[in-house]
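> Sequence plus predicted model, see below.
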Amino acid sequence: MGIRLALLCAAAFALSGCGSAVERWIVDTRVHQGDVALERGSVTEAQLAYRLALRVDPSDPRARTGYAEAAAEEALREYRNGKLDDALSTISDASRYEPQSVRLAALRSEIEQAKIKREIVVANYPAYRETGAAIRRSYEQLKTMNANIVTDLLKFNYSYNINDLNRAIQQSYELNLEVARNTNRLVGFRQLVESGVPTPKAAQIAAPASLLPLP
């Protein structure tokens, strides 16, 4: 009876040790996958690999640090795309594993400051986003105008046709005018962002009537 119990205990110990080895192999593999993906710039893939490692061993320091680093990259990308709330959510999730991360703390502070500034801009100028997008499109069009000038110059390089130069000069004049117009739009945009949109007189709230008794 004692021998049978001893054998059962030994078998259980062996199985337990085997299970631990398999778990360690899974964690090591997932961490390596995360490291490789992060080095390649595949942030989403890296996050997934580190997260799978953390499911097996939430205390693994390499998985925790790697996940925080990948999450910081993801949060930075969301921040730069204007998704401030999503970026803060990503940081909060990563901070559960790496609460002392200096990078996450600095990024959180920067985004929170940006949120405050955004609220001020929105309050002063509700249509700022649409106006800013229109200005960006105008500047994108300048790339096309510039490319057309370069094309005419390259064409002259083999055609030696003076008309190609004339066309390039005319487009250059038009490009300069468009740059000046866009600069004026940009200056006006900055003024509206800083000072806000003036309230039309008709929409202003009338002063309250006097509460003094009539004579």
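On my side now, so go ahead.
> Can you tell me the closest non-neighbouring residue to S95?
Beyond its immediate neighbours in the sequence, the residue positioned closest to S95 (CB to CB, 6 or more residues apart in numbering) is L104, lying 5.6 Å away. (Each C-beta comes from the backbone N, C-alpha and C, glycine too.)
> What's the local residue count around the one you found?
Close neighbours of L104, defined as other CB atoms under 10 Å, add up to 22.
> quick one: which helix or strand includes it?
Taking DSSP states H and E as the definition, one finds L104 inside helix 102-124.
> Which parts of this protein belong to which domain?
As recorded under automatic domain parsing, the domains making up the chain are 25-121, 128-197.
> what's near enough to touch the residue nearest to S95?
The neighbours of L104, taking CB atoms under 8 Å, 6 or more residues apart in numbering as the test, are 68, 71-72, 75, 91, 94-95, 98.
> In helices only, show me those.
For the contacts of L104, membership in helices holds for 68, 71-72, 75, 91, 94-95, with DSSP state H as the criterion.
> Surely Q33 is in contact with R51?
No. Q33 sits out of contact with R51 when judged by CB atoms under 8 Å, with a separation of 11.1 Å.
> follow-up on the earlier one: centre of the chain to the helix holding L104, how far?
Mean-position distance between helix 102-124 and its chain equals 13 Å (CA atoms, centre = their mean, to the nearest Å).
> one step back: now, which of the contacts of L104 sits nearest E174?
Taking CB to CB as the measure, E174 lies nearest A75 of those, at 42.1 Å.
> could you point out which element follows the helix or strand bottoming out on mean pLDDT in the chain?
Counting by mean pLDDT, DSSP states H and E, the weakest-scoring helix or strand in the chain turns out to be helix 2-40, with a mean of 72. Scanning forward in sequence from helix 2-40, with DSSP H and E defining helices and strands, the next element found is helix 43-56.
> other SSEs contacting that next one?
helix 2-40, helix 61-80 (3 or more CB pairs under 8 Å, 6 or more residues apart in numbering; DSSP states H and E).
> Name the spans of the chain whose pLDDT lies under the cut-off.
Across the chain, the ranges flagged by pLDDT under 70 are 1-19, 199-215.
> how about 50 then?
For the chain, the stretches flagged by pLDDT under 50 are 1-3, 5-15, 202-215.
> hang on, the earlier thing: and the gap between the residue nearest to S95 and L84?
Distance of L104 to L84, given as CB to CB, to the nearest Å: 15 Å.
> what number of residues lie near the closest residue in space to G34 that isn't next to it in sequence?
With CB to CB, 6+ apart as the criterion, G34 has its nearest non-adjacent residue at 3.6 Å, and that residue is A49. By the criterion of other CB under 10 Å, A49 has 25 neighbours.
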